[in-house]
Structure formats: C-alpha cells, structure tokens
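> coords please:
(one chain, ligands or ions: 2)
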Amino acid sequence: MPISVLQYPVTYLANVGLARAKLLKENMGISTYGDLLMQFPSKHIDRSRFYYSHELTPDMPYVQMRGQILSFEEEGIGRKRRIVAHFSDGHGIVDLVWFNGLQYVEKTYKLYTEYVVFGKPTIFRDRFNITHPELTELSVWNGMNSSSTGLRPYYSVPEKVQKRGVNTRMMEQWVQTVFRLLHDEPLPETLPEHLLRELHLMSRSEAIRTMHYPQSAEHLARATYRLKFEELFFIQLNILRYSRERNRRYAGHVFSRIGDLFNEFYYHHLPFSLTGAQKRVIREVHDDMRSGRQMNRLLQGDVGSGKTLVALMTMLIALDNGYQACIMAPTEILAEQHLDTFRSFLGDMPVRVELLTSTVKGKRRKEVMSGLQTGEVQILVGTHAVIEDNVLFRNLGFVVIDEQHRFGVAQRAKLWAKNQTPPHVLVMTATPIPRTLAMTVYGDLDVSVIDELPPGRKPISTIHHYENRRQELYKGLRQQISLGRQAYIVYPLIKESEKMDLQNLEEGYREFCKAFPDLSISMVHGKMKPADKDYEMDRFVRGETQILMATTVIEVGVNVPNASVMAIMNAERFGLAQLHQLRGRVGRGADQSYCILVTSFKLSSDTQRRIQIMCETNDGFEIAEEDMRLRGPGDLEGTQQSGIPFDLHIANLARDGQLVQLARDVAKRVLDSDPDGQLPEHAAMWQALAELNRNSVDWSSIS
Ligand code: ADP
Ligand code: MG
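Ligands and ions are numbered 1, 2, ... in the order given. Coordinates of the predicted model:
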C-alpha cells in the first residue's frame, strides 16, 4: 500500500538525521512524508527567465543568472571572513559571497564554467552581491528543467532551519522523492464527491501535486482555491457541528413574556427614544429568548452606540419571566459605572441591582451572595468575580458579557454551569470585527449589529500633530476647557517597559501642570491602588478636574459625555483598534469633539497609514477591515484566546472573505443533510475532521 508512504518518518530521507528531524518538527511541523507534501512552496520561480547584471535592482526578491566565475578571493577576518567569487554574465560582474564552508566552495565550484546562479541580489560597496547563492552547472540545470514548465517551487525555510543547511533545493529534492515513491497513487480525498462536482473543485490529490508543480499560474490558482476552501470548510463544519450539538443537548429557558418591568421602563423611564438599531437588536434577542434554544449572540456596536441600554432592557425581559440576570464587565471601574447607569436609568422601579467585584468584601459580600441565592438580587453587575464557583444564583437565566475581547471561550463556558439549563448569553463588543473573522472566531455565535449612533452626535474630528507642535495642542485644549469641556490625555502602555511608560506619563503630567497652572488635572495608571485610581477617576467623572491624564487603563468603556478632547500621545505605538476605542471616549455629547493624535516624526509606512485612516473615518467597521489588512487576522484582539480550532495554512481571513461565506453555507447544508454524520459518502470527511481536531482544543469540554 504505497499510501502508507505518507506515514514514513522524515528520517528515511537522504540528509535527514535525528537532529534535522527534530528541527523540522519543531520549526515547520514536519515529521512525516505526508507533512512534507503539505509544506507548500511560498512561490514559484520562473526558471526559464535569466536576468542580466545590468537589470538587477536591490528590491528583487531573487534572480536567476547565467555565467562564469572569473576568480575567488578571501576577504575579511574573524566572523566576517568570507569567500567572494567574481561572477561574470558577460555584461558585468556580480559578487557571490559565502561566509562559511569556504574550502568547500573553492573546491566545488570551477572557474570558467557555465553556471546557473540563483539568489537574492543586494548592494554592497556599490556592487551587486548574492550571499549564499544556489549554483548549478548549466548542463545539470538543463537536465533538471527539460521536462518541466519552467515553474519551479521555492520553499521558504525558517532561518533557524536554514542555518542547519536546509534550503529550498533540499526541500525540493525531498518532496520529489515522496512523489516518486507514491508513483501515481492518488492522495486520499477528504471532501465528498458531490461537493467536488457541485463546486467544480479539483481533487485533493491533484491540488496538492499542483501546489508543488503547477502547469500555469491559473492551474496553481485552482489548486489554491480548492485547498483554501477545504481549510475554511472544515473550520465551519467544526463550529457549526458543535453549536448544533449544544442546541440539541441543552434546551433554552423560554422567555415568552414581555412583562411589567420592561413595559414600565420603556414607557415611563426611558429618557430618550431608542434608535432603530437598538430596537431591532432587542427584538432579535427576544426572538432568541423565546425560541426554546439557548441563545449565544454576539452584539457588535461601535463605541457609544448604546449597547448598555440594550443590555439593561433585555435583562428586564429575563426578570419579567422570573429569572435573574447578570452582566460582567472587564474592569472594576466599568462594573461600577454600569451599576450607576442601571440604577439611575431604573430610578424608583422595584428592581434590585447589586455589585460584586473583588473590592466588595465582608458583610456586604455576604449580603449580595445570599440575595443571589434567595433571588432578591435580580440583576448582578460585576467583573469576572461573578463567575467564581462559589457565586450561586437562585435562577440565573441571562448573562451579558461586556467587551468580549477580555473574556475567553473558557470563561464564557464557565457560565454554563450556573444553572441546570444554561443561561442565555449575550456577548457585547465594541471592537468591531470584520464579518469574515467573526464568522470564524465567533462562528458559534449569532451576530447582531448596532450600526447607528444615537441622534445628534457630531462626528469626531481627528487631527494628526507632530510632537513638536505642543503649543498648538495646549491652545486647542485651553479653548475647549474654557467652553466648560474636559479632556483626556492618554499615554501608551506597553508591558515590557511599564516603568518607562510611567515615566513618560509622569513627565507629561509635570509639563501639563506647568502649562495649565490654573486647572485641576487627574492622573491614573495601572500601578495605582484601586482606591486611589477610583478616587481620581471619580473626580474627573464629576467634573472636578478638567484634564484626565492616563495610561490605557481608561481604554474600555468610561462614559463622561462632557469630555470633548482625546489627545493620544505617542499615537504611533497604538494599534488601530485601540486608537478607535480611545477616540470613542469623546463625542458622546452634542457638541463637536476632537481627537488629537500626537506622534514623532519617524513613522513607518504602516503607521502613517493607521494615522491616515483614523483622520479619514469614524466608522469602526471600516477601521476593523483595514486593521485586518494591515496586521493580518491572527493579531487582532480576541483571536488568540477565542480558540479557532486549527491553524490556517493557506486561507487568509482578510483576503478570502467570500470563501469563508461559501464554506459556511456549504457546511450548513452538509449538516442539514447529514445531521448525525451517518451518510457513507461523508465518512472520509468526518474522519478528516476528527483528525484535525485530535491535536487541538477539546471543544466539547468548553462549549
Ligand atoms: P456603548 O455602546 O459604547 O456601551 P453606551 O451604552 O455607553 O455605549 O452609550 C453611550 C451614551 O449614549 C450613553 O450616555 C447613553 O446613555 C447614550 N444613549 C444610548 N442610547 C441612546 C439613544 N437611543 N438616544 C440617545 N442617547 C443614547
Ligand atoms: Mg459600553
């Protein structure tokens, strides 16, 4: 059975001993012949094209040239010792450079012999250089390429592995060996025949071969498409299968009534009318709540779009049906602010709302805990302290998680144990996530979107200042403060250099105190005692201080509608999502607000782009899309701990949006047609999925 070739360990290959095998496994995830085949070339090189020395430019990733070595020369001493071959292509000289294996080089390569040289050109002392080039004698090279199309695979090898002598050539030979051993035996198929036909997909076997040896660019594109689809399809299949399984296993509490509390609030306590988007979302949530299925819904809404009110009103629905509700916030400040907000919204309504954070201690804590058990406490507001095992509810029916990116899947799952029938869950996030990413990262959640801000808000005006224009910043601040407004000044916080950041903040604080001797300025940072921090925050919230200077502790959620300026210092050190979050702290009142991005002069092109986007748009979704393009989806907040079941190898969530959607639709259909995984034509597919899951997160245990 030649297929078992795929299971051979790489140590069976020429040039792979135990040390290299370990290296390949640790750095590239390769342990078997099969793994090797899945290591696709990062590009293909048109080996039919030769460059002349006068055509070279330093930004070429690699070139292929033809010519002869005229002479060898040893240069440098110590670690810089190198051998240089002066290589002529008949038009000019290029230096070929080796830093190790000097003797080998001189012995192996012959003078005045036709070679094909391959490598990356760089400029050194006004001359083009190729360091550690690949050299093949022309006669040998002709033999290698005679049958192929000229497109040769180029395998990227991590530097660590390269250092131990593994290069693209070697990879190429190994891959060739594996294919030779397989003869024409097809590689196993993982997708059902009917999908291949319907979606016009290449077979897996042809796709994998083509990835290495395409006949044309178009051929390669078809192979890539097939493999990307497969990758995304299995992710969706996994996510949807578990969420369906969960729905089957757990019924949901049925909240059929919209009752007295909701109506009383809606008709007599709501200080303004809801936006259309808020109404729609409340309806979507309520539809879920009475469906008999347990709700898992993600609510996305830009900063300031009014999510808190949606949380409160949907919690009232739970209360009207005889259940308790709770909301978890990521920080104590936020939890306290939610408590205040709820209490003031509810006014004299007969609803008992209590706070539970790590600062609620002793007798008070006991009271809250017992109130939860008797059911007298109807709404609990807290930090993650509320999911501790010893917090017991009488009848918890609904949980809201504010600012999702601070909570992982595992924490979400803990909530499920709080009642025999797990509560409905609404996850609220102000960090907009591009749709395709949401479908993958939060694929098990249904999504609601608030895409409308409360009326009367003026768009925030965003301005970029270089740091030497401090006086202008002061002038702008002074002007706003003279109008009775308040301002935030934010400094970046980077964990590795927390000390330095603190210095920056403190230095800034002194400068601002000097510039504004007549004003009161608050300062908060993560190193302060919670009580001191709260005290300073409080003074700002109550308008006793005009300026709040802070590290990013204020990032999430504080609400001071009177603040109209957000100045972000060293803005180049913030990511787009963070900048947008921070900016959302202002623009909450009816007057014009400003966001000032202060940066140094030296900006990378990515940073320039970030600043430019911030100045151009206030739309969180647009910003999120751009963020994903700039950084790649893997780095976006929330993706790490969210538990994408397996790594993406070739698909890209930023670029393959349509494929994500297709994969999801197809996965849904497959599950509809084969809910129990019993159809024989799907056997290989389920087996492949099981294999993918074997080494990744145990999803069944967390959701
Ligand atoms: P976020 O979505 O960022 O959590 P909040 O819920 O804090 O936003 O709302 C921001 C501000 O907008 C709050 O002061 C809130 O009272 C106010 N707000 C919410 N909904 C409306 C509305 N429909 N009309 C006017 N103001 C609203
Ligand atoms: Mg909020």
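> strand partners of the helix or strand His86 falls within, parallel vs antiparallel please.
In this assignment (DSSP states H and E), His86 forms part of strand 82-88. The sheet places strand 82-88 alongside strand 63-75 (antiparallel), strand 93-98 (antiparallel), with pairing taken from DSSP bridges.
> how many other residues sit next to Leu473?
Applying other C-beta atoms under 10 Å, we find 21 residues neighbouring Leu473. In this view, the C-beta of every residue, glycine as well, is placed from N, C-alpha and C.
> just Thr599 next, same as before
Thr599: 21 neighbours (other C-beta under 10 Å).
> so how far is ligand 1 from it?
According to C-beta to the nearest ligand atom, to the nearest Å, Thr599 stands 26 Å off from ligand 1.
> do the same with Asp674
Asp674 is 40 Å from ligand 1, where distance means C-beta to the nearest ligand atom.
> Am I right that that residue is in contact with Ala683?
No. Asp674 is not in contact with Ala683 according to C-beta atoms under 8 Å; the separation is 10.3 Å.
> Which one's more surrounded, these two?
The neighbour count for Asp674 versus Ala683, taken as other C-beta under 10 Å, is higher for Asp674 (15 against 12).
> Skipping its backbone neighbours, what lies nearest that one in space?
Among residues not flanking Asp674 along the chain, His682 sits closest, at 5.3 Å (C-beta to C-beta, 6 or more residues apart in numbering).
> is it true that the one you found lies in a helix?
Yes. Counting by DSSP: H, G, I helix; E, B strand; the rest coil, His682 is part of a helix.
> can you pull the contacts of it?
192, 670, 674 (C-beta atoms under 8 Å, 6 or more residues apart in numbering).
> how far away is it from Leu187?
19 Å (C-beta to C-beta, to the nearest Å).
> so where is the stretch 51-200 of the chain shaky, pLDDT-wise?
Within the stretch 51-200 of the chain, the set of residues satisfying pLDDT under 70 comprises 143-149.
> interface residues of the stretch 451-600 of the chain facing ligand 1?
454, 559, 561, 588 (C-beta under 6 Å from any ligand atom).
> Looking at the strands paired with strand 82-88, which is nearest to Thr607?
The minimum distance between Thr607 and the strands paired with strand 82-88 falls on strand 63-75, with 31.2 Å, by C-beta to C-beta.
> for that closest one, which positions count as buried?
By neighbour count on 16 or more other C-beta atoms under 10 Å, the buried set for strand 63-75 is 63-69, 72.
> related to what we said a few turns ago, quick check: of the contacts of His682, which lies closest to Phe574?
Val670 (42.2 Å).
> Tell me the secondary structure at the closest one.
With three-state DSSP as the basis, Val670 sits in helix.
> Flag the shaky bits of the stretch 601-703 of the chain, pLDDT-wise.
In the predicted model, the stretch 601-703 of the chain carries pLDDT under 70 at residues 632-647, 654, 695-703.
> residue boundaries of the strands in it?
Counting by DSSP state E, counting those that start in this stretch, the stretch 601-703 of the chain has no strands at all.
> Contacts for stretch 71-80 next, please.
Contacts for stretch 71-80 (C-beta under 8 Å, 6+ apart): 81-86, 99, 102, 105-106, 111.
> Stretch 189-208 now?
For stretch 189-208, with C-beta under 8 Å, 6+ apart as the criterion, the contacting residues are 37-38, 186-188, 210, 222-223, 225-227, 229-230, 233, 662, 666, 670, 681-682, 684-685, 688.
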